[in-house]
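Engineer: predicted model and sequence follow; I will ask about them next.
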Amino acid sequence: MMNTPRFSSLLRNPVQLLAFGFGSGLAPRAPGTFGTLAALPLYWLLIQGPWLFFAAFVLVATLAGIYWCDRAARELGMHDHPGIVWDEIAGFLLTLLMVPTGWLWVLAAFLLFRLLDIWKPWPIRWVDRRVGGGFGIMLDDVLAGLGAGVLLLAADFLISHL
């Protein structure tokens, strides 16, 4: 049986609250998808400011996420508990950092990020299976975010040069 906290206990534990994506990871089905969606309000706030601030936020969110995800996993006694979704938030924000603004790009980023995160093509699958701790929890989603971003940048380049 999986040890999943209640929202009330997340409110008493800031690390788990963040690791569980402000509670979005408690969704009974597809917590990773709900965690990815939880990144959208952050994205909306971040695109109001300079790109460099957005980039710095993604870097800090990723580095802090290594600690938060590792600690939450240890407290729950399970590596990469499905409810730990900060990795999806940081990975998706990385994708959004790389693509043009606009709702179609956000939708494409969401779909492609989720596809890569679920499908886990090489090297994402290799990292997911072989790298442990908070670093491993974060790295596979960072790679999915980077992959989705690069593919969408290539699509943008092709669209603008055709």
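Structural biologist: Now that the structure is in, tell me what you want to look at.
Engineer: now do the same contact list for residue 137.
Structural biologist: 65, 66, 69, 70, 73, 79, 80, 84, 87 (C-beta atoms under 8 Å, 6 or more residues apart in numbering). Just so you know, the C-beta spots here come from the backbone N, C-alpha and C atoms, and that holds for glycine as well.
Engineer: buried ones in the longest helix along the chain?
Structural biologist: Once the chain is assigned using DSSP state H, the helix that runs over the most residues is helix 133-160. For helix 133-160, burial by neighbour count (16 or more other C-beta atoms under 10 Å) applies to 133-134, 136-149, 151-152.
Engineer: now swap in stretch 91-108 and tell me
Structural biologist: Of the residues in stretch 91-108, those buried under the neighbour-count criterion (16+ other C-beta under 10 Å) are 91, 92, 93, 94, 95, 96, 97, 98, 99, 105, 106, 108.
Engineer: I'd like those laid out as a markdown table, including secondary structure, distance to residue 37 and pLDDT.
Structural biologist: Rendered in a markdown table, the data for these read as follows (DSSP: H, G, I helix; E, B strand; the rest coil; distance: C-beta to C-beta, whole Å; pLDDT from 0 to 100):
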| residue | secondary structure | distance to residue 37 | pLDDT |
| --- | --- | --- | --- |
| 91 | helix | 13 | 98 |
| 92 | helix | 9 | 98 |
| 93 | helix | 12 | 98 |
| 94 | helix | 16 | 98 |
| 95 | helix | 13 | 98 |
| 96 | helix | 12 | 98 |
| 97 | helix | 17 | 98 |
| 98 | helix | 19 | 97 |
| 99 | coil | 17 | 97 |
| 105 | helix | 16 | 98 |
| 106 | helix | 11 | 98 |
| 108 | helix | 15 | 98 |
